[in-house]
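**Student:** okay, predicted coordinates and the sequence, questions at the end:
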Amino acid sequence: MPTPYPVSNFHTENIARFASEVATLTGGQLQITVHANGALYRANEIKRAVRGGQAQIGEIIISGAANEDPLFALDTIPFLASSYSEAQALWQASRSKVEERFARQGLKVLFSVPWPPQGIYAKVALNSLADVKGMKIRSYSPTVARMIELMGAQPVTVQAADLSQALATGVVSANVTSASTGYDAQSWEQLSYYFDVQAWLPKNVVIVNQQQFDGLDRPNREALLKAAAAAELRGWKTSEEKTQWYVEQLKAKKMKVLPAAAELQKALLGIGERMTREWLVQAGADGQQVYDAYRQAVKKSFSNACACAARLWW
């Protein structure tokens, strides 16, 4: 099982526990060997390796496949879903459609876990888009690259395992990612600022080759699905719980952790609105259906929260 991130990353820790639980539930009949940090296949190679059967199972970031289908880009549209509750609602609204896309490629989604909210790392203070114009900023998906372009900067694709080196050698001078990845890459060694804009919460999925899955006997298939369901619940909980911890670690390393300046935040929100409109055109009827279901879920959640607050008040 290839994965893109370090052994100490919470995604990898969750997957290691998943693999251990699979072994326990199957009495050792089904063993998953985890190869972390892109050691077996690089991040952008894992999906193809699982699809081709070179690896039976693997972890990828959904948005890394955004060029294949707009549905894979959904969770990196800036400010569409920027909290854990919104990210959960977005996943519930889109999951069946996303799973359909993977199924067409012979891949089965076992579980998904989000990253913490995404922010912007930089060497200098950023107060407006003028401060990022022409800057080389690390991107990890086509959607992120599009946002960077609309910011007037230059996107450079860098995989997580290569981020530290890219920063150290000047390949990029800024980075759009989570506090978690910033911590893993020891970003404080080259960068001074982290702007906690909370733009989106991208998700990873663990996928398995459908043919390999179907080749398992029924008890082992059921055990794999049971461990996957537990890993998804645990992963979402861990991601949310560790978010503030990662931010505090950046502060402890003397990084300046700040909210976005008002002018910059306004510009970023405008970019998010534009990208939402673009995505709806690209995604067609399926995209509109998912978007409408998501907005309805958010509206219902907001109404319920208001009703609860009113009862508490009275």
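**Tutor:** Perfect, I can see it now.
**Student:** every contact and neighbour count from this point should use C-alpha atoms.
**Tutor:** Will do.
**Student:** name the residues of stretch 39-57 that are buried.
**Tutor:** In terms of neighbour count (16 or more other C-alpha atoms under 10 Å), stretch 39-57 has its buried residues at 40-44, 46-47, 49-51, 53, 55-57.
**Student:** can you check stretch 84-94 too?
**Tutor:** Those would be Y84, E86, A87, Q88, A89, L90, W91, A93, S94, for stretch 84-94 by 16+ other C-alpha under 10 Å.
**Student:** what's the helix ranked longest in the chain packed up against?
**Tutor:** For the chain, the helix that runs over the most residues, judged by DSSP state H, is helix 262-313. Helices and strands touching helix 262-313, by 3 or more C-alpha pairs under 8 Å, 6 or more residues apart in numbering; DSSP states H and E, are helix 84-104, helix 142-150.
**Student:** sheet partners, orientation included, of whichever helix or strand comes after the first one?
**Tutor:** Moving toward the C-terminus from helix 84-104, the first helix or strand encountered (DSSP states H and E) is strand 107-114. In its sheet, strand 107-114 lies beside strand 203-209 (antiparallel), with partners assigned from DSSP bridges.
**Student:** quick one: the helix or strand just after the strand it pairs with to chain centroid distance?
**Tutor:** Going down the chain from strand 203-209, the next helix or strand is helix 210-214, by DSSP H and E. Centroid separation for helix 210-214 versus its chain: 25 Å, with C-alpha atoms, centre = their mean, to the nearest Å.
**Student:** alpha carbons of helix 210-214, as PDB, please.
**Tutor:** Output in PDB follows, covering the C-alpha atoms of helix 210-214 (Å, rounded to 0.1, in the frame of the first residue of the first chain):
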ATOM      1  CA  GLN A 210     -11.900  -3.400  -7.600                       C
ATOM      2  CA  GLN A 211     -10.800  -6.700  -9.200                       C
ATOM      3  CA  GLN A 212      -8.500  -7.400  -6.200                       C
ATOM      4  CA  PHE A 213     -11.300  -6.500  -3.800                       C
ATOM      5  CA  ASP A 214     -13.700  -8.800  -5.600                       C
END
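**Student:** buried residues in it?
**Tutor:** Q210, Q212, F213.
**Student:** would you mind confirming that T33 makes contact with F18?
**Tutor:** No: the criterion here is C-alpha atoms under 8 Å, and T33 misses it with F18 at 10.9 Å.
**Student:** any idea which of the helices and strands packed on helix 262-313 gets closest to A231?
**Tutor:** A231 lies closest to helix 84-104 among the helices and strands packed on helix 262-313, at 15.1 Å (C-alpha to C-alpha).
**Student:** low-confidence ranges in the stretch 151-300 of the chain?
**Tutor:** Within the stretch 151-300 of the chain, no stretch has pLDDT under 70.
**Student:** hmm, back to that, T33 and F18: who's more crowded?
**Tutor:** Comparing T33 with F18 by other C-alpha atoms under 10 Å, the one with more neighbours is F18, at 22 against 11.
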